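Visitor: Sequence unavailable; structure follows:
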């Protein structure tokens, strides 16, 4: 049995640019499980989950490593 941690980061109009920069860094690692990233539209505002622009899912060997990947 293999124990790993996983986490998701949702990309919104408010965090789009920061998330995109961070994503460029972690895409080079083996920790990325899945990525979906749409384009931001001028004046976009998060009103519901349908307004999310994407997400990325990462995995890690422990909680500390996962926190490091998702906190930026």
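Guide: Ah, there it is. For clarity, every value in this text was computed on a predicted model and none was experimentally measured. Numbering: from 1, shown residues only.
Visitor: ok so residue 36 is a strand residue?
Guide: Yes - in this structure, residue 36 lies within a strand as judged by DSSP: H, G, I helix; E, B strand; the rest coil.
Visitor: Kindly list the main-chain dihedrals of the nearest residue to it once chain neighbours are set aside?
Guide: Once flanking residues are discounted, residue 36 sits nearest to residue 54: 4.3 Å by Cβ to Cβ, 6 or more residues apart in numbering. For the C-beta atoms, the positions are set from N, CA and C on the backbone; glycine is no exception. For residue 54, the backbone dihedrals (degrees, to the nearest 10) come out as phi 160, psi -160.
Visitor: burial measure for residue 54, as a count.
Guide: Residue 54 has 18 neighbouring residues, counting by other Cβ atoms under 10 Å.
Visitor: Begin at 16, not 1, for the rest of this chat.
Guide: Sure, I'll start counting at 16 from here, so that last one is residue 69.
Visitor: Check what contacts the helix or strand bottoming out on mean pLDDT in the chain and list those residues.
Guide: Least confident helix or strand of the chain, by mean pLDDT, DSSP states H and E, is helix 31-41 with a mean of 86. If you take Cβ atoms under 8 Å, 6 or more residues apart in numbering as the criterion, helix 31-41 is touched by 24, 26, 47, 50, 52, 55, 68, 71, 73, 84, 87.
Visitor: can you name the two of these that are farthest apart?
Guide: The most widely separated members of the contacts of helix 31-41, counting by Cβ to Cβ, are 55 and 84 (22.4 Å).
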